[in-house]
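>>> sequence plus the predicted model coming up.
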Amino acid sequence: MTDQTHDTPDWLPERLERAKQQAIQDLLADLDHENVDSLKATLVNQQHQITTLTRAHDAAQTRAEQAMFEAAFTSATRPYSFQNADDVRALLDVQALDTAEDGSITGMDDAIKHLVESRPYLLAPAHSHPPTDMNIHQTTSAQPSLSTPQVDAIKRRFRLD
């Protein structure tokens, strides 16, 4: 008996190898597309989270800075009696203020002092207080009194009945 070997054409292994390589490349391309789409979705989600967290951080930082400003403003204005604190805030030289490493506001006392010196009209006028022994509800002979018909007429006029 003669050995019968299958003679394969020379081109067949090369063709099979190319087909195998093409199949591998197609699978890798499919995997790459799936991975890329998945990675893109993850990236978009993480970018959204970063944006949300950044906004929350910025808002919290702004609130903290406002609270520190208000604390410094209140402390610096406590020795003075201003007519309107909003006017003082509006005229305050914020360029003269600085923020320390701990977040506190520095320079507020000097800025308020400068406002008091340069714009004294911002201060409330000193009020004289009436003597404490005076009873303002007590009628005196110097005070005019209304008769009952007069009081009744006023009540009717302003519908106080």
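Thanks, I have the structure now.

>>> what's the helix or strand hosting Q22 packed up against?
Assigning secondary structure by DSSP states H and E places Q22 in helix 11-77. When contacts are defined as 3 or more CB pairs under 8 Å, 6 or more residues apart in numbering; DSSP states H and E, helix 11-77 sits against helix 85-91, strand 105-106, helix 108-118. Backbone N, C-alpha and C define where each C-beta goes, glycine included.

>>> can you get me a residue count around L12?
Per other CB atoms under 10 Å, the neighbour tally for L12 reads 9.

>>> surely A76 and V116 touch.
No - between A76 and V116 no contact is recorded; they are 10.2 Å apart, counting by CB atoms under 8 Å.

>>> which one's more surrounded, these two?
A76 (20 against 15).

>>> got the contact list for that one?
Applying CB atoms under 8 Å, 6 or more residues apart in numbering to A76 gives the contacts M108, D109, A111, I112.

>>> can you read off the pLDDT for the third one?
I take that to be A111. Looking at A111, its pLDDT stands at 93.

>>> from what I can see it touches Q95, true?
No - assessed by CB under 8 Å, A111 is found out of contact with Q95, at 9.2 Å.

>>> who has more neighbours out of those two?
Using other CB under 10 Å, the more surrounded residue of A111 and Q95 is A111, with 20 against 8.

>>> how far away is that one from T51?
36 Å (CB to CB, to the nearest Å).

>>> repeat for F82
From F82 to T51 the distance is 42 Å (CB to CB).

>>> which of these two has more neighbours?
Taking neighbours as other CB under 10 Å, F82 and T51 compare with F82 leading, 16 against 10.

>>> the more buried one reaches P125, doesn't it?
No - applying CB under 8 Å, one finds F82 not in contact with P125, separated by 11.3 Å.
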